[in-house]
Each structure stands twice: as structure tokens, then as C-alpha cells.
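**Student:** dropping a prediction and its sequence here:
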Protein chains: 2
Amino acid sequence: MAHSLTEENYMKAIYGLSQKSKGKISLSALANTLEVNAASVVDMIKKLTDKKLINYDKVKGVKLTDKGSKVAINVVRNHRLWEVFLKEKLGYSWDVVHEIAEQLEHIKHDELADRLDDFLGYPEYDPHGDPIPKANGELPKGATTLLSEIKTGEYCKVAAVKDTSTAFLQYLEQLSVGIGTKIKVLEKIEFDGSVVIQLGKANLKTVSRKFAESLLVK
Amino acid sequence: MAHSLTEENYMKAIYGLSQKSKGKISLSALANTLEVNAASVVDMIKKLTDKKLINYDKVKGVKLTDKGSKVAINVVRNHRLWEVFLKEKLGYSWDVVHEIAEQLEHIKHDELADRLDDFLGYPEYDPHGDPIPKANGELPKGATTLLSEIKTGEYCKVAAVKDTSTAFLQYLEQLSVGIGTKIKVLEKIEFDGSVVIQLGKANLKTVSRKFAESLLVK
DNA sequence: AATAATATTTAGGTGAGCCTAATTTTCTAA
DNA sequence: TTAGAAAATTAGGCTCACCTAAATATTATT
């Protein structure tokens, strides 16, 4: 009843894709996110289907079964808890925790996630602001509003990053923007979607559309 | 220049065997501790030799090179630090930490061991009393005296367990014997090597030769 | 020294997860 | 509606780490 590291990664990828884009999940989308060849995906989809972890239909695409969903949520829970550990306890910066958690998320032991959760004080969000699934699989509400959706003149607070690439996280670091940072939207440039924002008392910055669409706020 | 999980386990096994028995390390001894077929060992020995991680000689047996030694010590360092973490921070009992640390020891990130070490307060020994290699590879002195070597009437303190099997650890737990427990040797039965010991004020127990040869004291 | 036991090596094979190349199916846009 | 693009599939191979079975070496025992 245990799953290989690779199987877990496929299910996590399916889960991730189903969260961020409501449409159907194609094999090529999976191949893309997992950075493997489409032919490899076909193999694995067969295997996971046989194990009743997913359902596949040319029309509906790939879907996790309840069983597969549990596995995926568990891996995500582990990943995010370990990220909190790495940041809060070992002092790693948020652009590094992801890659280490990619390894730690596959450590298998019944009570491990729960003990870690307890040790960390039951955090609701990981260092990137993503919600950490509870032991029962329940997911705390995550932010859904983009910085780009905030009206001119209004305030918001950074809730999460949509893009967890090192490049973006380091850029945020450089701007001293983190989870909880207060932002005022001063101007939205119609031409290219750039946004002029105010950080702190009088610190003005112009950020790109891409930036404004990568930051989740509330 | 990274090594596979399997390669790391072979080097750890070679290191372990070289620590506990001073003689030559045969392929069959390795096959035995790794619980694989001897033919598999032959394959891997070739591979590790090519990578200059070990030297193999029919007469002298298997030996780690300096390079291989560094890898092995690193894995052991990781293993024992994670064991401390699991016991001290997550509250796992000492008969469980080993199997989880078997997985955690292979997590790869440059600063991880050092950060963990710092977080744990630079422990010198793991929960079984085994010395934790320092960042520079140096190994704190470990206990070498067996309970069976203590003379009748003398006192000693448990320093480490030589056997880390669940069966032994749980038995110790049951007897309330842990690292640091004070023991007085009352009698040594010549017939079968059993030892009568005193735990605490007046708690007498008779333990087998096997037991007395599995407990390291000082 | 001969036999028995153990250790080592070779040869050939397995499954997991990946690949390329070629093909077929499905979707999209002229 | 049909050509072209994109997606899915098949066929055949690869590497890693393992296996069994058989052959050869070495070591121990009588």
C-alpha cells in the first residue's frame, strides 16, 4: 500500500494542476510540469489507473480518485510542513525551502506529519502563503485576489506568492516584500499593465504586470 | 558529483563494518548487512571502484578511499543528527528513530547538517549513544566497554547500545534502562554468562550474556 | 592432500521509470 | 472541410539496482 517516490510526484502534480486551473488535465500538461516525455506519462497513467489512484478519460482528462487524492494531499501536507520547519527552525530563506522540501515530503512514517505539525504549532500557511492541509485533509482558505486586481488607491497585504521560482522570491526579498507586507496601489499603467505601488511610508516602486499577477493579496 | 541513495548505503555499510570489526570486509559480509545478493555487491563494488570511492582487493577486502570515507561519514552524521531531532523535538521513542533516519539521512543540501546541528545544540551523541561526527569529520570518543566486562561489585553507567534492534530497545525500555542509567553488577553466572544487575535502589534483574554484550558502559 | 564448505565471479534476466522515433488521433484555423 | 499543429500512443531501447543459476576460487576440515 505504499507508493513510490515517482508515483507520489505524479499525484502531487495532478493535484497541483487541478487546483490552479479548473479545466481538464491533459497528458501533455502533466509531461510539462513533471519535465518528462509524454511517452513516460502514458506508462505511468496506466500504472496509476490500475492502482485505482486516478481515472483517465480522453475527454475528461486525468482525475485523482478519492484514494489518489488522499495520497496527493498527504504529500502536499508534508511538503508545506517541512517548508515551515526549514524556514522557522533552521532559518532557511523562502527561496530555498522548496527544493529541500521536495525531498523531505517523501519521508514515510505514519505519525510524522502529525508530530511535525504539533512541533511547529499547527501552522495554517507555509512560507509562501500556501495553505497547509490539515490532518483530515481539509484545506484552509487560501488567498485568491491578485495584486493586479486591486483598485488604484486601495491597500492590501501580501498573502501568498503564486510563483515560487527562485527568481521571483529573490526579487521580492530584494524589495523587502514578504508575507504580510502592506501595499498601496498608486497607479495602474494601462499601456502594459505595470503597477506603481507604495511600500512602507514613501517607498515607491513600479512593478510589471507579470509581477502583479504573481502576488496574491487580501 | 552526487551519489545515489544506494551508493550512499553501500558506503555507510562499509564504514559501519570497518568500525565494528577491525578485520577485512568481504563482499559476502557486505551482502549480508545490506541484505542483497552477493552478485549485486560485485556489480556495485565495480561501480564504486570506478568512482574512486572504494578500493577492492581480494586479500585486503573492501576499503573506503578518503573520498568515500567523507561521503560515508557525512551520511552517518546526517543519520545521527536526524535521530536526535526525532527524539528530542518530535518526541519519538528511541526504537523508532532509526528507521525514519534511514530515510532522512539521504536528504541532500549543503548546509542542512550544519543548520540541524546548530538547531539541536551541537549534540555529541545520538539517542543510542553513538557519537555524531562533527562537521569536520572528527568523531567524538564512543564507549568501548561492555557491561559483560564490568567486574562483580562495580558500578557503571549505560553509555550506548551496541545492538539497535527494536527488540532490544523495547526490552531496555521495559526495564527502564536508558542512556545514563546507573547499573551495579552483583553477580556473574559462570555457567552461561548471565549477569545479575541492580537498577536503582533495590531492583534486581538477571540478564543474558547476549544482553550484557549488547550494552556499552563507562 | 582430498573433500567439503564458503566466497567470488560471470552470464543472463527482471522491473521501474525514463528515452527517441514513428505513428495515429484529435483539435484548430484557414 | 481540409491542411497543419498539437496531443496521444506504440514500439523498441536504455540505465539502475536487483535477481537466479552456474562456474570458478579460496579457505577449512578431516
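**Tutor:** On my side now, so go ahead.
**Student:** give the buried residues for the longest helix along chain A.
**Tutor:** What stands out as the longest helix in chain A, according to DSSP state H, is helix A:66-84. Across helix A:66-84, burial judged by 16 or more other C-beta atoms under 10 Å in any protein chain shown covers A:68-69, A:71-84. C-betas here are computed from N, CA, C, even on glycine.
**Student:** check stretch A:83-94 too.
**Tutor:** Across stretch A:83-94, burial judged by 16+ other C-beta under 10 Å covers A:83-87, A:90, A:92, A:94.
**Student:** that older thread, wait, which of the buried residues of helix A:66-84 is closest to residue B:137?
**Tutor:** Comparing the buried residues of helix A:66-84 against residue B:137 with C-beta to C-beta places residue A:82 closest, at 27.1 Å.
**Student:** could you check the pLDDT of that closest one?
**Tutor:** Reported pLDDT at residue A:82 in the predicted model: 98.
**Student:** so how far is residue A:99 from it?
**Tutor:** 11 Å (C-beta to C-beta, to the nearest Å).
**Student:** next one: residue A:4
**Tutor:** Look at residue A:4 and residue A:99: by C-beta to C-beta, they are 20 Å apart.
**Student:** what parts of chain A come near DNA strand D?
**Tutor:** By C-beta under 7 Å from any atom of the strand, the residues of chain A that approach DNA strand D are A:26-29, A:38-39, A:41-42, A:45, A:58, A:61.
**Student:** let's see the ChimeraX selection covering just the buried ones among these.
**Tutor:** Filtering the residues of chain A next to DNA strand D down to the buried ones (16+ other C-beta under 10 Å) takes a single ChimeraX command:
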select /A:27,29,41,45,61
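**Student:** closest one to DNA strand C out of the residues of chain A next to DNA strand D, please.
**Tutor:** Closest approach between the residues of chain A next to DNA strand D and DNA strand C, by C-beta to the nearest atom of the strand: residue A:39, at 3.3 Å.
**Student:** can you give me the offset of the helix or strand the closest one falls within from its chain's centre?
**Tutor:** Residue A:39 belongs to helix A:38-50 when elements are defined using DSSP states H and E. Offset of helix A:38-50 from its chain centre (C-alpha atoms, centre = their mean, to the nearest Å): 24 Å.
**Student:** quick one: mean pLDDT for that helix?
**Tutor:** Helix A:38-50 carries an average pLDDT of 98.
**Student:** for chain B, see how far away the most centrally placed residue in chain A is.
**Tutor:** Nearest to the mean C-alpha position of chain A, by C-alpha atoms, centre = their mean, lies residue A:130 at 5.6 Å. Taking C-beta to the nearest C-beta, to the nearest Å as the measure, residue A:130 falls 21 Å from chain B.
**Student:** wait, what's in contact with that residue?
**Tutor:** When contacts are counted by C-beta atoms under 8 Å, 6 or more residues apart in numbering or on different chains, residue A:130 touches A:80, A:142, A:160.
**Student:** now do residue A:148
**Tutor:** A:193, A:195, A:209, A:212-213 are the contacts of residue A:148 under C-beta under 8 Å, 6+ apart.
**Student:** grab the CA positions of the longest helix of chain A and hand them over as CSV.
**Tutor:** Provided in CSV are the C-alpha atoms of helix A:66-84 (Å, rounded to 0.1, in the frame of the first residue of the first chain):
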residue,chain,number,x,y,z
ASP,A,66,-10.5,9.6,-3.6
LYS,A,67,-7.7,7.3,-2.9
GLY,A,68,-5.3,9.2,-5.1
SER,A,69,-6.5,12.5,-3.7
LYS,A,70,-5.6,11.4,-0.2
VAL,A,71,-2.1,10.4,-1.2
ALA,A,72,-1.6,13.8,-3.0
ILE,A,73,-2.9,15.9,-0.1
ASN,A,74,-0.7,14.0,2.2
VAL,A,75,2.4,14.7,0.2
VAL,A,76,1.4,18.4,-0.1
ARG,A,77,0.8,18.5,3.7
ASN,A,78,4.3,17.0,4.3
HIS,A,79,5.9,19.4,1.8
ARG,A,80,4.4,22.5,3.4
LEU,A,81,5.0,21.5,6.9
TRP,A,82,8.7,20.7,6.2
GLU,A,83,8.9,24.1,4.5
VAL,A,84,7.8,25.8,7.7
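**Student:** show me what that helix is packed up against.
**Tutor:** If you count contacts as 3 or more C-beta pairs under 8 Å, 6 or more residues apart in numbering or on different chains; DSSP states H and E, helix A:66-84 packs onto helix A:5-20, helix A:97-104, helix A:112-120.
**Student:** and DNA strand C, is that helix touching that?
**Tutor:** No - no part of helix A:66-84 sits close enough to DNA strand C to count as contact by C-beta under 7 Å from any atom of the strand; the gap is at least 13.2 Å.
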